[in-house]
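Asker: Model the structure of this input:
(chains A and B)
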Amino acid sequence: MPDLLLEFFSEEIPARMQAKAADDLKKMVTDRLVAAGLVYEGAKAFATPRRLALTVQGVPVRQPDLKEERKGPKVGAPEQAVAGFLRAAGLASIDQAKVQADKKGDFYVAISEKAGKPAIDVLAEMIPDIARGFPWPKSMRWGEQSAKPGSLSWVRPLHSIIATFGPETEEPEIVKFDIGGIAAGNETRGHRFLSPGAIKVKRFDDYVASLEKAKVVLDPARRMDIIRTDAKNLAFAQGFELVEDEGLLAEVAGLVEWPVVLMGSFDKAFLDIPGEVIRATIRTNQKCFVLRDPQTAKLVNKFILVSNIEASDGGKAIVAGNERVIRARLSDAKFFYDTDLKTKLEDRLPKFDGIVFHEKLGTQAARIARITALAKQLAPLVKADPKKAERAAQLCKADLLTEVVGEFPELQGLMGKYYAEAQGEDEAVAHASEDHYKPQGPKDLVPSDPVSIAVALADKIDTLTGFWRIDEKPTGSKDPYALRRAALGVIRLVVDNSLRLHLLKIAGVNADLLSFFADRLKVQLREQGARHDLVDAVFALEGQDDLLMIVRRVEALGKFLETGEGKSLLAGVKRASNILGIEEKKDKRSFAGAPDAALLKLPEEQALASAVTAAKQEASAAVAKEDFAAAMSAIAKLRPTVDAFFDKVKVNDDDKAVRENRLKLLNEIREATRAVADFSKIEG
Amino acid sequence: MAQAAVPAIAQADLDPTRSFQGLILALQQYWAALGCVILQPYDMEVGAGTFHPATTLRALGPKHWNAAYVQPSRRPKDGRYGENPNRLQHYYQFQVILKPSPDNLQDLYLGSLKAIGIDSALHDIRFVEDDWESPTLGAWGLGWECWCDGMEVSQFTYFQQVAGFECAPVAGELTYGLERLAMYVQGVERVYDLNFNGGTGDKKVTYGDVFLQAEREYSKHNFEVADTGMLFEQFKMAEAACQKYLAAGWTDSDKTKHSMALPAYDQCIKASHVFNLLDARGVISVTERQSYILRVRELAKACGAAWLATEGGGAAA
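Answerer: Residues are numbered from 1 along each chain as shown, chains lettered A, B, ... in the order given. Below is the predicted model of the structure:
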């Protein structure tokens, strides 16, 4: 069966868009093929800076014929109905229709056969459509034709298109179409500098081979492999180790068609700058890799660059040029770093008075003051020295005003730590600059030093209460201030460090914000495999604002419900709750209050009454000691008496007083279990 | 008696790799030979070559237009008192604008690099994504920064919109940072060490000889002394004048013809530069900043609309 080869050859496609464009092209073409009844065997898409290519193998030569049946009126139906049917089915006379029978009798059927089109014609129709609707993140118009409305848009000017279709054994045909004045053909070009001539191709195999000859490696994965391997070897040969960076690797592979890996060096004096700053400078600005000494793990004064050409001088001029730029960049970085060191962090703080954090939340200075007060307040709860927590909070944002962070925002916090260390701050205070931003995501490390914890909590809680105060809560997928991440951060800080914190006692935390925490906690626990209904069952109890205790309760509840005892107690409690619910509705009242011992007639209800009282006391005592497992066992003891009660006792007694008393007893069961959770929220 | 030849004041080498002015002349020569109109710098303070009406306004409308020129550009905030080897508050851009963008624009650009001594067999030339946007001009385009051995030497943009109007046809814009390019081809680490005139020995004039004093003086002016009260007034005056000229320029009640797009646009340029000075003085807060940018953009848009109603903008005569 024939194969398709498609290539869009253009000016340089942004590196970050290439992988998705290849995926999109493959998906759009193959989806349309399948929709057209052309089921293919395989497909693969590729991208380089200048081309987007696709091969689809094993496409049927033509679409299957389509047989369509249209059911018409009954035989003998009024003339009008028959005429309407003929019109709709496109038949000249009723003789062309067939007669079929069903349960109701004979009726007319029009059978039309639509012959399948040759696949090459289907392709010629669909490819221009796909190109015109291609989902580039940003696209543009160009040249003379851009004066006309509706002219073609592409990511950058498009120069030529290859579209060939045919079986392996024969000369493939060109798929005939035209997009924006560019006719599909069988020609492309090689490397911009190393082999700029035209190349004629037939199908995918010779296309890849011809490109390779013309110094173009089509497959981005191969370009990445070449760069990775050559970079590692080059480093190893000199006794160094490549600092691997997958993001940079993918980007660099998207900037070259013919990767040539070279090594350059810079003045050792620059190694006084923190390694992260060197790396950020060389990575962000120059898209080069850094190397380290495998023994000390410290950076060395070398870098790896990836060129797009095999230069006639072996790359000497290229290396020299890159070294110059990196020298200039590192001079800037060193200048920034040295300048930063001249100003103490606290001396930067007044500037925050003039910087708005958020229009409705005031200045950065006001925010820092709030964080500082809160960190100091939280310090004793997390066993941090309040003085250190206060100092750390005051300084934690100061590095935002430094030159290095201005240049490389991704180094915020880390630079604060370096500068704090350099000015002789306490180690815990210095570390809080970096660590108070953590945890950033579900996989990020959670700080464990008390000072960092205090500042990290204060920072996140201030953000949450602030945005809650001005009613800027996350909605749906919109969470511009990363408030979900902040809440999850608080949860992880508290739970991972086993902290006791009553959130509602913190100014600004209200019931609504607490329920936001509950939702985040649910997501978090669910991801860890806990049942969300158990979280609901615990949150349904009033005043639950201690995240650690909630988690402990959920854990205990989960374990308890896995036991046979737990399961049958749950069934008993649910039965009691259901009956109560129905009767409460019927009587339009609740049955709160202690049952009257005098009205307890049957031994089973007497037994239950005393068991409930005992269980309630025992469970409350255990909860007071935060021993939730013990509380569960205390309640579990109710099971046989509950079972016996439902076996022998009729709740809805004819004597109204007895009925009321028994309902009160049921209510007591529910109340007793509420020592640990609201069982009515538990599923199953 | 034979006329005495004018004695040369110095033996100057105009090789673009050895003199700054040689580089400028080589670029002018190259683009002139391709049919560009070689213009002189616009006689107003601008932040970039793009502000020259030969780019901003000429990019609008259907008429073909090919031009190249040097534009001194002022970025008050980038001043470093002459102490930074790369940063200047006043520098030269070489600007090329081709409308519609020719299909071989990349090749033409590479040809210009060759003309100034950058050999693509020796140097790694790359087109790295860089989308251009000017919030003050209401303009954007897609293109690249062009790298030579890891150094950005030019900006390459296909204008999609200018002054809020779609470009039809699209113009291609090339902007060469001349000092940076010269430093590269001359192999100089500090901009002030550039050989300006190509002279040697005591006949050599450096970039520093020409501009170092100016950098020091203007840095002090821009950051410390520029009269902010006057500048705030000037901004308002330029804005009002621009609006006034725009209103007075319509020659018919249907607003199909305009007679003063260029003078009005001068005031828009003025407002933009005054804003840059105020910004450098640090007297504009973050929120105010946005509103100033918007005010300049409104002027630019209105000037664009007026230009499209002139002959140069393609309106019927």
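Asker: Surely residue A:456 touches residue A:440?
Answerer: No: judged on Cβ atoms under 8 Å, residue A:456 makes no contact with residue A:440 at a distance of 10.6 Å. In short, each C-beta sits where N, CA and C put it, glycine included.
Asker: Now list whatever residues contact both of these two.
Answerer: Jointly contacting residue A:456 and residue A:440 under the rule Cβ atoms under 8 Å, 6 or more residues apart in numbering or on different chains are residue A:489.
Asker: So if I had to pick from those two, which one is more boxed in?
Answerer: Set residue A:456 next to residue A:440 and count neighbours by other Cβ atoms under 10 Å in any protein chain shown: residue A:456 wins out with 29 against 12.
Asker: pLDDT value on the closest residue to the more buried one other than its chain neighbours, please?
Answerer: Leaving aside its sequence neighbours, residue A:456 sits nearest to residue A:436 (Cβ to Cβ, 6 or more residues apart in numbering or on different chains; 4.4 Å). pLDDT, residue A:436: 95.
Asker: quick one: contacts for residue A:436?
Answerer: Neighbour list for residue A:436: A:392, A:393, A:396, A:413, A:447, A:452, A:455, A:456, A:459 [criterion: Cβ under 8 Å, 6+ apart].
Asker: are any of those residues buried, and which?
Answerer: A:392, A:393, A:396, A:413, A:447, A:452, A:455, A:456, A:459 (16 or more other Cβ atoms under 10 Å in any protein chain shown).
Asker: Next, the contact list for the residue of the stretch 451-600 of chain A found nearest chain B, please.
Answerer: Closest to chain B within the stretch 451-600 of chain A is residue A:470: 16.1 Å, counting by Cβ to the nearest Cβ. Contacts for residue A:470 (Cβ under 8 Å, 6+ apart) come out as A:358, A:360, A:361.
Asker: give me that answer again for 6 Å
Answerer: Counting by Cβ atoms under 6 Å, 6 or more residues apart in numbering or on different chains, residue A:470 makes contact with residue A:360.
Asker: how about the helices in the stretch 151-300 of chain B?
Answerer: Applying DSSP state H, counting those that start in this stretch to the stretch 151-300 of chain B gives helices spanning B:178-186, B:207-220, B:228-249, B:261-280, B:286-308.
Asker: Between those, which one is closest to residue A:247.
Answerer: Nearest of those to residue A:247, taken as Cβ to Cβ: helix B:178-186 at 27.6 Å.
Asker: That closest one near chain A at all?
Answerer: No: using Cβ under 6 Å from any Cβ of the partner chain, helix B:178-186 stays clear of chain A, with a minimum separation of 7.3 Å.
Asker: my guess is residue A:153 contacts residue A:139, does it?
Answerer: Yes: between residue A:153 and residue A:139 there is a contact at 4.1 Å, judged by Cβ atoms under 6 Å.
Asker: Could you count how many residues lie near residue A:226?
Answerer: Other residues within reach of residue A:226, judged by other Cβ under 10 Å, total 18.
Asker: same thing with the one 4 residues further on?
Answerer: The criterion is other Cβ under 10 Å. On that basis, residue A:230 has 18 neighbouring residues.
Asker: Tell me the residues of chain B that contact chain A?
Answerer: So far as Cβ under 6 Å from any Cβ goes, chain B lies against chain A at B:62, B:100-101, B:103, B:106, B:120-124, B:127, B:129, B:142, B:149-151, B:158, B:160, B:168-170, B:286.
Asker: any low-confidence regions in the chain?
Answerer: Chain wasn't specified; assuming chain A. The model of chain A has pLDDT under 70 over residues A:684.
Asker: other chain: chain B
Answerer: Scanning chain B for pLDDT under 70 picks out B:1-12, B:286-287, B:317.
Asker: Which phi and psi values does residue B:102 adopt?
Answerer: Backbone torsions of residue B:102, given as degrees, to the nearest 10, read phi -70, psi 150.
Asker: re the thing from before, filter the residues of chain B next to chain A to the buried ones?
Answerer: Applying a neighbour-count criterion of 16+ other Cβ under 10 Å, the buried members of those are B:100-101, B:106, B:120, B:122-124, B:127, B:129, B:142, B:149-151, B:158, B:160, B:168-170.
Asker: got a list of what residue 194 touches?
Answerer: Looking at chain A here, since you left the chain open. Here residue A:194 is in contact with A:215, A:309 (Cβ under 6 Å, 6+ apart).
Asker: Switch to chain B, please.
Answerer: Shown in contact with residue B:194 (Cβ under 6 Å, 6+ apart): B:20, B:182, B:188, B:207.
Asker: Quickly check these for the two that are furthest apart.
Answerer: Pairwise distances across the contacts of residue B:194 peak at 9.8 Å for B:20 and B:188 (criterion: Cβ to Cβ).
Asker: Compare the two and say which is more crowded by neighbours.
Answerer: residue B:20 (27 against 19).
Asker: isn't that one right next to residue B:197, touching?
Answerer: No: with contact defined as Cβ under 6 Å, residue B:20 does not count as touching residue B:197 (7.7 Å).
Asker: Determine which residue of chain A is most distant from the centre point.
Answerer: Using Cα atoms, centre = their mean, the residue of chain A lying farthest from its centre is residue A:76. It sits 63.7 Å away.
Asker: which SS class is it?
Answerer: With DSSP: H, G, I helix; E, B strand; the rest coil as the basis, residue A:76 sits in coil.
Asker: before we move on, what about residue B:63?
Answerer: Classification of residue B:63 using three-state DSSP returns coil.
Asker: check contacts around residue A:175.
Answerer: Residue A:175 neighbours (Cβ under 6 Å, 6+ apart): A:120, A:123, A:124, A:163, A:165, A:184.
Asker: how about the residues of chain A that lie near chain B?
Answerer: By Cβ under 6 Å from any Cβ, the residues of chain A that approach chain B are A:11-12, A:14, A:140-144, A:146-147, A:193, A:286, A:307-309, A:311-313, A:317-318, A:321-322, A:325, A:356.
Asker: and these, which of them are in helices?
Answerer: A:317, A:318, A:321, A:322, A:325 (DSSP state H).
Asker: count of neighbours near the closest residue to residue A:282 other than its chain neighbours?
Answerer: Ranked by Cβ to Cβ, 6+ apart and with sequence neighbours excluded, the top spatial neighbour of residue A:282 is residue A:288, at 4.9 Å. Neighbours of residue A:288 under the rule other Cβ under 10 Å: 23.
Asker: show me the contacts for residue A:288.
Answerer: Applying Cβ under 6 Å, 6+ apart, we find residue A:288 in contact with A:282, A:303, A:305.
Asker: which among these gets closest to residue A:69?
Answerer: residue A:305 (66.6 Å).
Asker: hang on, isn't the closest one packed against residue A:261?
Answerer: No: Residue A:305 lies out of contact with residue A:261 (Cβ under 6 Å); the separation is 7.6 Å.
Asker: between these two, who's got more neighbours?
Answerer: Set side by side, residue A:305 and residue A:261 show more neighbours around residue A:305, with 27 against 22, by other Cβ under 10 Å.
Asker: ok, what's across the strand from the one residue in the stretch 351-500 of chain A that gets nearest to chain B?
Answerer: The nearest approach of the stretch 351-500 of chain A to chain B comes at residue A:356, 5.6 Å away (Cβ to the nearest Cβ). Beta bridges link residue A:356 to residue A:363, judged by DSSP bridges.
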